[in-house]
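J.: task: produce atomic coordinates for the following.
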Amino acid sequence: MKAMRFSGVGQPLRLETVPDPEPGPGWAVVDIEAAGLCHSDLHILAGMELGDLTVSTPLTLGHEGAGVISALGPDVEDFTVGDRVGIALMVHPVGAMDFAPGVGCDGAFAEKQLVRASALVPIPDGVSFAQAAVATDSVVTAYHAVRTAAAVRPGQSVAVIGLGGLGLNAVHVAVHLGARVYGVDPNPDARAAAQQAGAAVCWPDACALSAHPPDVVLDFVGTQETAHHALNAVREGGRVVLVGLSEAVLPLPLASLVTRNIHLTGSLGASKDELREVYDLIARGALTPSVSEVPFTELPSALGRLARGDVQGRLYTRPRARKPHAMAV
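T.: Next up is the predicted model:
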């Protein structure tokens, strides 16, 4: 099969031919119909530290995958060949990754992916492969950050810093939960997309938040500058949720954090139950991920676009040629 392989920091992704995977007990093979592109892929390519996650090479990247089961190993009872499935990132409540495709094992930038069966989630009718793939991280990570980590309630004010793939989905989720949403991003196209998604006001600079102290600030960028803006802008007793990982280590204004009684939380991934909830919201039309397809052979250049910030919504690729069972985007 064809796969986009990562061989080490500073090395470009290469399209290679590798053996088809074979499922052992408790595992399945999924024919990948859609695979999302993520900033985490850029972090891996650049050699950024990812906490307790260890990147092994050579490696097939891609941790947002969806497709059709083509083979099952022994002891897999809840699925059958031909099922449409998304591939969940298995995250413990404390944040540790139990199953990390595209990081600790081969991922979805390939025609087939070997998947732990416990990570599979059925895709409901009305959800395309592209939507199902990006939902496994881009949508459900934002959903978890807004609904669970930030505990957003109707009537609260929520600021979202960084209106890229995750941030735009966070706007959708917060609006769906009944919050008044402010957006922050230097890109005017990103601000326009957020307002179309329901944001009340958007600004190019987080300094504008000081006149409207929100109950919650979600930082999907993760730099020293954005984290400081988030902590300075949130109301006294409010909550700041850090999701972005642009910098591995951040100095924080501890005095302000303590004296203003700010709740600071990190947020990583989501649970399988939350992914099921997101799939249901997409199926009902309550959430509509913004997705754009790029050819599989152009994946490296598409990642370059992502690195430059030249992307609205979420990019995905289709490693396999379109099949009769693949839903249209």
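J.: with only the CA atoms kept, save stretch 71-89 in CSV.
T.: The C-alpha trace of stretch 71-89 is given here as CSV (Å, rounded to 0.1, in the frame of the first residue of the first chain):
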residue,chain,number,x,y,z
ALA,A,71,-10.2,-6.9,8.1
LEU,A,72,-10.7,-8.0,11.7
GLY,A,73,-8.4,-9.9,14.0
PRO,A,74,-9.6,-12.5,16.5
ASP,A,75,-11.6,-11.5,19.5
VAL,A,76,-13.2,-8.4,17.8
GLU,A,77,-17.0,-8.8,18.3
ASP,A,78,-18.5,-5.4,18.1
PHE,A,79,-17.7,-4.6,14.5
THR,A,80,-17.9,-6.3,11.1
VAL,A,81,-16.1,-5.9,7.8
GLY,A,82,-17.7,-3.1,5.8
ASP,A,83,-18.5,-0.9,8.9
ARG,A,84,-17.9,2.8,8.5
VAL,A,85,-15.8,4.0,11.4
GLY,A,86,-13.8,6.9,12.9
ILE,A,87,-10.6,6.3,14.7
ALA,A,88,-10.6,7.8,18.2
LEU,A,89,-7.5,9.0,20.0
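J.: now that stretch: buried residues?
T.: Within stretch 71-89, the residues that count as buried by 16 or more other CB atoms under 10 Å are 71-73, 76, 83-89. In this view, the C-beta of every residue, glycine as well, is placed from N, C-alpha and C.
J.: repeat for stretch 286-294
T.: Applying 16+ other CB under 10 Å to stretch 286-294 flags 287, 289-291, 294 as buried.
J.: so which of the buried residues of stretch 71-89 comes closest to residue 176?
T.: Comparing the buried residues of stretch 71-89 against residue 176 with CB to CB picks out residue 86 as the nearest, at 19.9 Å.
J.: the strand or helix carrying that closest one pairs with which strands, and in what direction?
T.: Per DSSP states H and E, residue 86 falls inside strand 84-87. Sheet pairing here is set by DSSP bridges, and for strand 84-87 it gives strand 64-72 (antiparallel), strand 120-122 (antiparallel).
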